[in-house]
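Participant: Need coordinates for the below:
(chains A, B, C and D)
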There are 2 protein chains.
Amino acid sequence: MQYILVADDNPDITDVLENYVKKEGYEPIIAGDGEEALNKFFEYKPSVVLLDVMMPKMDGYEVCRRIREKSDVPVILVTARGEDFERIMGLDIGADDYIVKPFSPSEVMARVRAVLRRMSKNDRADEGGRTRITIGNLTVDIKEYALYMNNEQVSMTKKELETVWTLMNNPEKLFTRDNLLNSIWGYDYYGETRTVDTHIKRIRGKLDAYDHPDWDIKTVWGAGYKFVINKS
Amino acid sequence: MQYILVADDNPDITDVLENYVKKEGYEPIIAGDGEEALNKFFEYKPSVVLLDVMMPKMDGYEVCRRIREKSDVPVILVTARGEDFERIMGLDIGADDYIVKPFSPSEVMARVRAVLRRMSKNDRADEGGRTRITIGNLTVDIKEYALYMNNEQVSMTKKELETVWTLMNNPEKLFTRDNLLNSIWGYDYYGETRTVDTHIKRIRGKLDAYDHPDWDIKTVWGAGYKFVINKS
DNA sequence: TAAGTCTGTGACAGATTTACGCCAAAAGTG
DNA sequence: CACTTTTGGCGTAAATCTGTCACAGACTTA
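Facilitator: Numbers count the residues shown, from 1 in each chain, chains lettered A, B, ... in the order given. Model prediction:
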């Protein structure tokens, strides 16, 4: 679940934004003043923070500054009047964008989407982590989102590919179903553990169309699954 | 000591960036206009150059061009909103990346790290000023903004051409919609993600009028699009 | 061997995501 | 300003993926 923190002392504003945030599939967290905003920030670890500049107890600039001491989460400031963006951005508080009142809710959501987009992906392939693993005749490339057996592409769905990738990243390591659900589905997944079985079944169905004497996805009875490498 | 040259005529901006650069362990060199930037460049030989496009005495484009006559140092251009894609990339200026205002300082530093990483990997042959790519019977020339199928020109709009160009530049690589929006529409695009779909549809509509057994623009369900080359 | 667990599998409904057509807004032109 | 082209957005149908269930078969332990 992705949280969005909305901090404004005017309930009319937070009410409207709350609905929009929900409609976009995020979970809104509302705060009515600066201190509350800061507390809820640390409690919920939201993915985006929307801060009104003028709030009781602690203003938006200060909240932003405090958040920046601990986190790189995208922060959008909401200002009352047309201040020059270079002034806002130039203040050493590290805001990511700003919106001038009066705004339309859809404009706000567009900016939320934009900062999330800027933060997401893009750098990950750059990030130095490996993007491709080969074990025996099996290769998975997460940058291409593709899986190859004997250099021939085998079509995989997203979840299937992520599952293989996760297992391959730690050969010989046992993954419980909960481990896999946590790292692939997310920590807040609510559903059957056995779902994993179904995915393993589908993966095996596709990969077993080929011989793979060097490795296998093995069931550890009563525990989970692991990717094993056969030393010959 | 690694120097980073920061050129902008707004002291608010250079002040903030100066602090960030220091915090990351580099030594900032500040310039307030184009001529100063060029002089300090030759004096300090920095590892990265950050250039605001609009500066007194000499604009960022010109500074970048002059630097390129002598050096392959990574140059990041900073532009105000709404600059055209093609002016920044693809042309003979030779910039390595660009950032659209408003930006957050942490975003800037992320890109500095990114270009430095790319340089260290000597990965530069990749983007090295190519202006034309041919794959199978498809040729795109970004300099003349034209696309050919079987040496016959197919009329494309700007966005369509840029999309094809971007995908072709990294065959097999998956681009999420967000990736495409970032690199083609820019960091300050506040529209719908699904817009990409519409453009892909139009591109396919035009290109599918011809056979192209060697390649295809493929949908990766739940993830994005990629340009695939068919090995026969 | 029998009882008690745990896993593999096929089927299916529901959820998600994408393609496509159409329209309206925006940008470009003369 | 009128006209054309380009671009972005939306609703719907189609395609694809995913989670769950029921049951058979496998494994473990006593």
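Participant: now the strands for chain A?
Facilitator: A:3-7, A:27-31, A:48-52, A:75-79, A:97-100, A:132-135, A:138-141, A:146-149, A:152-154, A:174-176, A:215-220, A:224-229 (DSSP state E).
Participant: which one of the ones you listed is the most hemmed in?
Facilitator: Among the strands of chain A, ranked by average contacts under mean count of other C-beta atoms under 10 Å in any protein chain shown, first place goes to strand A:48-52 (a mean of 27). No exception for glycine: its C-beta is placed from N, CA and C like everyone else's.
Participant: for the strands of chain A, which one sits closest to DNA strand D?
Facilitator: Closest to DNA strand D of these is strand A:215-220 (C-beta to the nearest atom of the strand; 8.2 Å).
Participant: Report the inter-axis angle for the longest helix along chain A versus strand A:75-79.
Facilitator: Of all segments of type helix in chain A, defined using DSSP state H, the longest is helix A:105-119. For helix A:105-119 against strand A:75-79, the angle by axes from the mean of the first three to the mean of the last three C-alpha atoms, to 10 degrees is 150 degrees.
Participant: Run the contact check for helix A:105-119 versus DNA strand C.
Facilitator: No: figure legend: helix A:105-119 not in contact with DNA strand C (C-beta under 7 Å from any atom of the strand); closest approach 12.0 Å.
Participant: got the contact list for that helix?
Facilitator: A:4, A:16-17, A:19-21, A:24, A:26, A:47-48, A:50, A:74, A:76, A:96-97, A:99, B:107, B:178, B:181-182, B:187-191, B:193 (C-beta atoms under 8 Å, 6 or more residues apart in numbering or on different chains).
Participant: of those residues, buried ones?
Facilitator: Applying 16 or more other C-beta atoms under 10 Å in any protein chain shown to these, the neighbour count classes A:4, A:17, A:20-21, A:26, A:47-48, A:50, A:74, A:76, A:96-97, A:99, B:107, B:178, B:181-182, B:187-190 as buried.
Participant: The residues you listed: which ones sit near DNA strand D?
Facilitator: Answer for these near DNA strand D (C-beta under 7 Å from any atom of the strand): B:Tyr189.
Participant: Residues in a beta bridge with the closest residue to A:Leu138 other than its chain neighbours, which ones?
Facilitator: Excluding its sequence neighbours, the residue lying closest to A:Leu138 (C-beta to C-beta, 6 or more residues apart in numbering or on different chains) is A:Met149, at 5.9 Å. Using DSSP bridges, the beta-bridge partners of A:Met149 come out as A:Leu138, A:Glu152.
Participant: tell me the domain boundaries of chain A?
Facilitator: Chain A breaks down by automatic domain parsing into domains covering A:3-119, A:127-229.
Participant: Could I get the CA-only coordinates of stretch A:54-68 as PDB?
Facilitator: Only the C-alpha atoms of stretch A:54-68 are listed here, as PDB (Å, rounded to 0.1, in the frame of the first residue of the first chain):
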ATOM      1  CA  MET A  54       1.100  28.000   5.800                       C
ATOM      2  CA  MET A  55       0.100  25.700   8.700                       C
ATOM      3  CA  PRO A  56      -0.300  26.100  12.400                       C
ATOM      4  CA  LYS A  57       2.500  25.000  14.800                       C
ATOM      5  CA  MET A  58       5.100  24.400  12.100                       C
ATOM      6  CA  ASP A  59       5.100  25.800   8.600                       C
ATOM      7  CA  GLY A  60       5.600  23.700   5.500                       C
ATOM      8  CA  TYR A  61       9.200  24.800   4.900                       C
ATOM      9  CA  GLU A  62      10.200  23.600   8.300                       C
ATOM     10  CA  VAL A  63       8.400  20.300   8.000                       C
ATOM     11  CA  CYS A  64      10.100  19.800   4.600                       C
ATOM     12  CA  ARG A  65      13.500  20.600   6.100                       C
ATOM     13  CA  ARG A  66      13.000  18.100   9.000                       C
ATOM     14  CA  ILE A  67      11.800  15.400   6.600                       C
ATOM     15  CA  ARG A  68      14.900  15.900   4.500                       C
END
